[in-house]
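J.: take this sequence and fold it.
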Amino acid sequence: MAFMKLDNGELLKNIRTFAKKNGLTLAEVATLAGLSASAIYSWKKHTPSKGTLKEVAKVLGTNYQKLVGKTEHQATERPAVDLKTVVENRRHQFEYDGQPVSPAQLKIIRNVLKTMFKKP
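T.: Numbers count the residues shown, from 1 in each chain. Okay, here's the model as predicted:
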């Protein structure tokens, strides 16, 4: 199952539209969502996590799908798989490019993922 690719330009346009309807600036939306005031502006260059976008959607009184510009059909076409659930599942033997992933390597992968997705 694939990660849903977001169009950052469309995302920012949607956030601006919802913010305007709510009488808020992007900085105010970010602050109310528990982010730095300039966080939303940085999304021109990188895509925020789904959890962060859900928090922004709450502030704006909408849902994640509408915020990212996906219809219900598009959003449910390929449900997301939580990578944490996958790598924490100790019942499976993992491979990469045909090579078994050792327990030590899997521990490194888990630590990298934890670091990458650490909440601010």
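J.: got the buried residues for the host helix or strand of K84?
T.: Using DSSP states H and E, K84 sits in helix 83-88. Within helix 83-88, the residues that qualify as buried are V87, counting by 16 or more other Cβ atoms under 10 Å. In short, each C-beta sits where N, CA and C put it, glycine included.
J.: that one: what's the following helix or strand?
T.: With secondary structure assigned by DSSP H and E, helix 83-88 is succeeded by strand 95-96.
J.: mind listing what the residue nearest to V101 when sequence neighbours are not counted touches?
T.: Once flanking residues are discounted, V101 sits nearest to F94: 4.1 Å by Cβ to Cβ, 6 or more residues apart in numbering. For F94, the contacting residues are 87, 100-101, 106, by Cβ atoms under 8 Å, 6 or more residues apart in numbering.
J.: separation between F94 and V86?
T.: According to Cβ to Cβ, to the nearest Å, F94 stands 9 Å off from V86.
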